[in-house]
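Novice: Structural data only, the sequence is not supplied:
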């Protein structure tokens, strides 16, 4: 069964089709959430909440965008809503601890925690999310605006300021060119 | 899914300017992506969906019950005032119309002011 058939069948309430859809999109969803939250526990928690929301709202999926984009959109909004509810101070402490946990997880698997990741983890969600959607996932500013319920111009400005902030953290202007690219 | 969308010339200009930063960010994010994630088995996903569908049905039934209950309450109130206290019924109707007209007018006024 292809994705469209699975979605049609899920809309009719077939739990097996839902399970197949979720199973195939789960790694993408968790990895996306890990990038925007910088917190593996929160990423898994929101991925599960996103799937629950998806079961409830599947009738609203019109097929105009990809199913994965729809999931990303739900997940982003769930994260933003959850974020708003928490107190800023507590969140900052949790955020620090969470990114340290992610750093530890990466280093234990012999993956390097790069300066760019550290800089990214220190950005506010407002800047980090559009930046990742734009430059890692390749969404256009219009699409980012739709996902985050903001104007395309605002999305562009946030990406720009996010890049400037990462640049400042990485001290790009002080380093000779070519130092940062490890590929 | 990476970088598959078209970009305008001003975006291209900005991307060139920030090329090193973007590469460093993507390089770091690639490392994050390469980490293994635990993916639950099919049974877990099926149970999760079934559980969610059960919760949803429960929620729907509860909301429907509340809707029917409140509708019955309002209807019985309307029927009672209409049959037993017709004066009060007409006064309430008039008050509802007046409030609706007042707020509609206020809404239009606000729009004109903001223009």
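Specialist: That came in fine, so what should we check first? Keep in mind that what you see is a predicted model, and the values were worked out from it rather than measured. Numbers count the residues shown, from 1 in each chain, chains lettered A, B, ... in the order given.
Novice: wait, residue A:155 sits on residue A:144?
Specialist: Yes - applying CB atoms under 8 Å, one finds residue A:155 in contact with residue A:144, separated by 4.1 Å. Every residue, glycine included, has its C-beta placed from N, CA and C.
Novice: what touches both of these two?
Specialist: With contacts defined as CB atoms under 8 Å, 6 or more residues apart in numbering or on different chains, the residues adjacent to both residue A:155 and residue A:144 are A:130, A:134.
Novice: do the longest helix seen in chain A and chain B meet at all?
Specialist: As assigned by DSSP state H, the longest helix anywhere in chain A is helix A:15-37. Yes - judged by CB under 8 Å from any CB of the partner chain, helix A:15-37 comes into contact with chain B at A:15-16, A:18-20, A:22-23, A:26-28, A:30-31, A:34-35.
Novice: Stretch A:135-153 too?
Specialist: Yes - part of stretch A:135-153 sits close enough to chain B to count as contact by CB under 8 Å from any CB, namely A:135-141, A:143.
Novice: The helix or strand containing residue B:76 - contacts with which helices or strands?
Specialist: In the assignment (DSSP states H and E), residue B:76 maps to helix B:42-84. Counting by 3 or more CB pairs under 8 Å, 6 or more residues apart in numbering or on different chains; DSSP states H and E, the packing neighbours recorded for helix B:42-84 are helix A:15-37, helix A:40-57, helix B:86-114.
Novice: Please work out which of those is packed deepest.
Specialist: Most buried of the helices and strands packed on helix B:42-84 by mean neighbour count (mean count of other CB atoms under 10 Å in any protein chain shown) is helix A:15-37; its value is a mean of 21.
Novice: Give me the distance from that one to the chain's centre.
Specialist: In this view, helix A:15-37 has its centroid 12 Å away from the chain centroid, taken as CA atoms, centre = their mean, to the nearest Å.
Novice: quick one: average pLDDT of it?
Specialist: Taken as a whole, helix A:15-37 has a mean pLDDT of 93.
Novice: now stretch B:30-48
Specialist: Confidence over stretch B:30-48, taken as the mean pLDDT, stands at 86.
Novice: buried set for it?
Specialist: Using 16 or more other CB atoms under 10 Å in any protein chain shown as the burial criterion, the residues of stretch B:30-48 that qualify are B:31-33, B:37, B:45-46, B:48.
Novice: now, the most widely separated pair of these?
Specialist: B:31 and B:46 (32.9 Å; CB to CB).
Novice: Low-confidence ranges, chain A, go.
Specialist: Scanning chain A with the threshold set as pLDDT under 70 gives A:87-95, A:110, A:172-183.
Novice: and if we set it to 90?
Specialist: Flagging of chain A using pLDDT under 90 yields the residue ranges A:1-4, A:13, A:38-42, A:62-65, A:81-122, A:124-125, A:168-183.
Novice: now chain B
Specialist: Per-residue confidence for chain B (pLDDT under 90) gives these ranges: B:1-21, B:24, B:27-28, B:30-42, B:77-78, B:80-90, B:92, B:104-115.
Novice: In space, what's closest to residue A:103 - neighbours in sequence excluded?
Specialist: Take residue A:103 and drop its neighbours on the chain: the residue closest to it by CB to CB, 6 or more residues apart in numbering or on different chains is residue A:113, 4.3 Å away.
Novice: again but with residue B:92, I slipped
Specialist: Here the residue nearest residue B:92, using CB to CB, 6+ apart, is residue B:81, at 6.7 Å.
Novice: Give me the neighbour count for that neighbour.
Specialist: A count of neighbours around residue B:81, defined by other CB atoms under 10 Å in any protein chain shown, yields 17.
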